[in-house]
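Enquirer: show me the folded form of this:
(one chain, ligands or ions: 2)
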Amino acid sequence: MLLPCSTHRHDADKPTIVSRLCRSSLRDRSTGCYTWLAPLTKWAFPEHDGSSLDHQHAFVVEYAENGDTDLGFHVDDSEVTLNACLGLSFEGAEVYFRGARCDAHREDPANDAEAWQWQPAAGRAILHAGAHRHGVHPLRSGRRVNLIVWARSSRHRRLHRAPHEGPTTWCPRCEAA
Ligand SMILES: O=C(O)CCC(=O)C(=O)O
Ligand SMILES: [Fe+2]
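Expert: Ligands and ions are numbered 1, 2, ... in the order given. The predicted structure follows:
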């Protein structure tokens, strides 16, 4: 059973943040991850303003047998999230996904097609919408370290009161209404 989905707040939540890399506005897009990320996010996330990402909150998380071993079900405070596995050697700690939802439909159940998981491994990365509900299954052994970049769009946040505010064109429950 899934626990209620929350907007992730790292100050109060797992996993351990190993380091906060940067929290910056990147008006100059020649710096930061946008130079190489923009073509991908523009193509893959048009409905999440993937073409106008200009702000990033980046940090490194760690799961270890003698530390934090999982992460609850949540959405990110981002338009698009980059999750890149830096290592090391581990079993478990898969990232499970349960479909994207706007704030109003965040607790709605997922259908079977929306339930899938990603197995991180050193050198592998995934991009997903911040509104795509997810969590981390328990680590079984070893140590996993991942770089997380929450990419945001100031344009998107000017137009919406909350990052995942509905009604939207991408939340299946909004579309069904
Ligand atoms: O550890 C992971 O792979 C996911 C972390 C995550 O979802 C987050 O920090 O928001
Ligand atoms: Fe997350």
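Enquirer: now do the contacts for the spatially closest residue to residue 170 that is not a sequence neighbour.
Expert: Spatial nearest neighbour of residue 170, chain neighbours left out: residue 47 (4.4 Å); criterion: CB to CB, 6 or more residues apart in numbering. In this view, the C-beta of every residue, glycine as well, is placed from N, C-alpha and C. Residues near residue 47 by CB atoms under 8 Å, 6 or more residues apart in numbering: 168, 169, 170.
Enquirer: among the residues you listed, which one lies nearest to residue 40?
Expert: When the contacts of residue 47 are compared for distance to residue 40 (CB to CB), residue 170 wins out at 17.2 Å.
Enquirer: per-residue confidence for that closest one?
Expert: pLDDT, residue 170: 93.
Enquirer: what about it, which helix or strand?
Expert: Assessed by DSSP states H and E, residue 170 sits outside every helix and strand.
Enquirer: what sits against it?
Expert: 47, 48, 100, 102, 129, 131.
Enquirer: can you pull out the helices in the protein?
Expert: Assigned by DSSP state H, the helices in the chain fall at 34-44, 154-159, 172-176.
Enquirer: in the shortest one, what counts as buried?
Expert: For helix 172-176, burial by neighbour count (16 or more other CB atoms under 10 Å) applies to 172, 173.
Enquirer: among the contacts of residue 170, which are located in strands?
Expert: 100, 129 (DSSP state E).
Enquirer: lowest confidence element among the helices and strands of the protein?
Expert: strand 16-25 (a mean of 57; mean pLDDT, DSSP states H and E).
Enquirer: quick one on the thing from earlier: near ligand 1 too, which of the contacts of residue 47?
Expert: Near ligand 1, judged by CB under 6 Å from any ligand atom, there are no entries from these.
Enquirer: how about the longest strand along the chain, does it reach ligand 1?
Expert: Longest strand of the chain, by residue count under DSSP E: strand 139-152. Yes: using CB under 6 Å from any ligand atom, strand 139-152 reaches ligand 1 at 146, 148.
Enquirer: output that strand as PDB, nothing but the C-alphas.
Expert: The C-alpha trace of strand 139-152 is given here as PDB (Å, rounded to 0.1, in the frame of the first residue of the first chain):
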ATOM      1  CA  LEU A 139      18.100  -0.700   0.100                       C
ATOM      2  CA  ARG A 140      19.000  -4.300   0.800                       C
ATOM      3  CA  SER A 141      22.800  -4.000   0.900                       C
ATOM      4  CA  GLY A 142      25.700  -1.700   0.000                       C
ATOM      5  CA  ARG A 143      25.700   2.100  -0.400                       C
ATOM      6  CA  ARG A 144      24.000   4.100  -3.100                       C
ATOM      7  CA  VAL A 145      24.800   7.800  -3.900                       C
ATOM      8  CA  ASN A 146      22.800   9.800  -6.300                       C
ATOM      9  CA  LEU A 147      22.900  13.400  -7.700                       C
ATOM     10  CA  ILE A 148      19.500  15.000  -7.700                       C
ATOM     11  CA  VAL A 149      18.800  18.200  -9.600                       C
ATOM     12  CA  TRP A 150      15.400  19.800  -9.200                       C
ATOM     13  CA  ALA A 151      15.100  22.100 -12.200                       C
ATOM     14  CA  ARG A 152      12.600  24.900 -12.000                       C
END
